[in-house]
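Q: Just to be clear, the model below is a prediction. Sequence and coordinates:
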Amino acid sequence: MNERGCSIGELARLSGVSTRTLRHYESIGLLHPSRDANDYRLYSGADAKRLTQIQAMKLCGLPLATIKRLLSADGVNIRSTLVDHLDHLRAQGDSLSEAMRRTEAAIAAIERLDGMATKDALQELKEKGLREFEKNYGDEARKRYGNDTIEAANARMMALTQDEWDAKELLEEAIKVQLRLAMASNDPASAESEELVRMHERWIAMHWGQGYGDEEYLGMVRGYQADLRFVEYYDSAAGEGATEFLIEAVEACRNSRDKS
């Protein structure tokens, strides 16, 4: 990156993050590139580092809205903020032990990535996401679905283009927003809930392909309630009871399809 900064295309090539995602981050106020005389975006070294911090905090499970709030605070120190977040998680007890581990990993990632080139840092974050799945869910998933299914899912993730990977990440964030909208309707069979289920099904298909039926999908979603990791993930994103509501929405959608 030269002194004048780099264009959106150059940052995309350096970082491995698509131009669409960079524009999305700008549209929601996470990135603030300057403009040259021709009104083209210019990204500074500070912008590139901020992008690395955004990706690192996403890895520990923080939603984009929370990341924006943290980065918008005056004089914010990302590492100190994550340490404070970790202290808060510890105070909530053993049920949040997984979220604590992810935050610790994010702190370590911030420290390690600060000294790396942007492209290398963000590529490592992408690969780390797949390693995190194997570490957290690999054994359990292999027992339930079989090695061939999990290997195929991992291969599918590794084969995604950058745009496909970013689309998956954006859909995950959109599901959290849609879950809040659906809960506000107070009706698991509402139009908002039906859209939530359609979005969630697409997201699951990105990971697992189309090699499962309605019963397998319903069983998988029902299993969320018995796993504190999933309860924490959905409830922290959309509020207490979000996991249970998602299950009810999937069941309602399934019943509606059976009747049609």
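A: Yep, it's here.
Q: Ramachandran coordinates for residue 84?
A: Here is the backbone geometry of residue 84 (degrees, to the nearest 10): phi -60, psi -40.
Q: What number of residues are in the vicinity of it?
A: 12 (other Cβ atoms under 10 Å). All C-beta spots, glycine's among them, are computed from the backbone N, C-alpha and C.
Q: cool, and residue 10?
A: Applying other Cβ under 10 Å, I find that residue 10 has 14 neighbouring residues.
Q: and residue 71, what does it touch?
A: 30, 50, 53-54, 78 (Cβ atoms under 8 Å, 6 or more residues apart in numbering).
Q: Show me which residues of stretch 22-32 are buried.
A: Going by neighbour count (16 or more other Cβ atoms under 10 Å), the buried part of stretch 22-32 is 22, 24-26, 30-31.
Q: and these as TSV, adding distance to residue 167 and pLDDT?
A: As requested, the buried residues of stretch 22-32 are exported to TSV (distance: Cβ to Cβ, whole Å; pLDDT from 0 to 100):
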residue	distance to residue 167	pLDDT
22	14	91
24	11	90
25	14	91
26	17	92
30	18	91
31	18	93
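Q: Now, the residues you listed that are in helices?
A: Those of the buried residues of stretch 22-32 mapping onto helices are 22, 24-26, per DSSP state H.
Q: Out of those, which comes closest to residue 35?
A: residue 26 (11.2 Å; Cβ to Cβ).
Q: from what I can see the closest one touches residue 43, true?
A: No. At 9.9 Å, residue 26 and residue 43 do not qualify as touching, with contact defined as Cβ atoms under 8 Å.
Q: Quick check: neighbours shared by these two?
A: By Cβ under 8 Å, 6+ apart, the residues touching both residue 26 and residue 43 are residue 33.
Q: for the longest helix along the chain, the distance to its chain's centre please.
A: The residue-count maximum for a helix in the chain (DSSP H) belongs to helix 162-185. Relative to the centre of its chain, helix 162-185 is centred 9 Å away, using Cα atoms, centre = their mean, to the nearest Å.
Q: cool, and stretch 155-167?
A: With Cα atoms, centre = their mean, you get 14 Å for stretch 155-167.
Q: Okay, buried residues for that stretch please.
A: 157, 162, 165-167.
Q: Show me which of those is closest to residue 225.
A: Among those, and counting by Cβ to Cβ, the member closest to residue 225 is residue 157, at 25.4 Å.
Q: so where's the stretch 101-250 of the chain uncertain?
A: Scanning the stretch 101-250 of the chain for pLDDT under 70 picks out the ranges 101-103, 105-126, 210-212.
Q: mind listing the helices in it by residue range?
A: 118-133, 139-145, 147-159, 162-185, 191-208, 214-222, 228-238, 242-259 (DSSP state H, counting those that start in this stretch).
Q: where do the strands sit along the stretch 1-150 of the chain?
A: If DSSP state E, counting those that start in this stretch is used as the criterion, the strands of the stretch 1-150 of the chain fall at 34-35, 41-42.
Q: Of all those, which one is nearest residue 6?
A: strand 41-42 (7.2 Å).
Q: What strands flank the closest one, and is each parallel or antiparallel?
A: strand 34-35 (antiparallel) (DSSP bridges).
Q: Could you export the strands of the stretch 1-150 of the chain as CSV, including distance to residue 127?
A: As requested, these are arranged in CSV below (distance: least, Cβ to Cβ, whole Å):
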stretch, distance to residue 127
strand 34-35, 31
strand 41-42, 27
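Q: Comparing those strands, which comes out most buried?
A: strand 41-42 (a mean of 18; mean count of other Cβ atoms under 10 Å).
Q: Kindly provide the distance from residue 152 to residue 146.
A: 10 Å (Cβ to Cβ, to the nearest Å).
Q: which of the two has more neighbours?
A: Ranked by neighbour count (other Cβ under 10 Å), residue 152 and residue 146 place residue 152 first, with 15 against 11.
Q: one step back: of all the strands of the stretch 1-150 of the chain, which one comes closest to residue 70?
A: Closest among the strands of the stretch 1-150 of the chain, using Cβ to Cβ: strand 34-35, at 22.3 Å.
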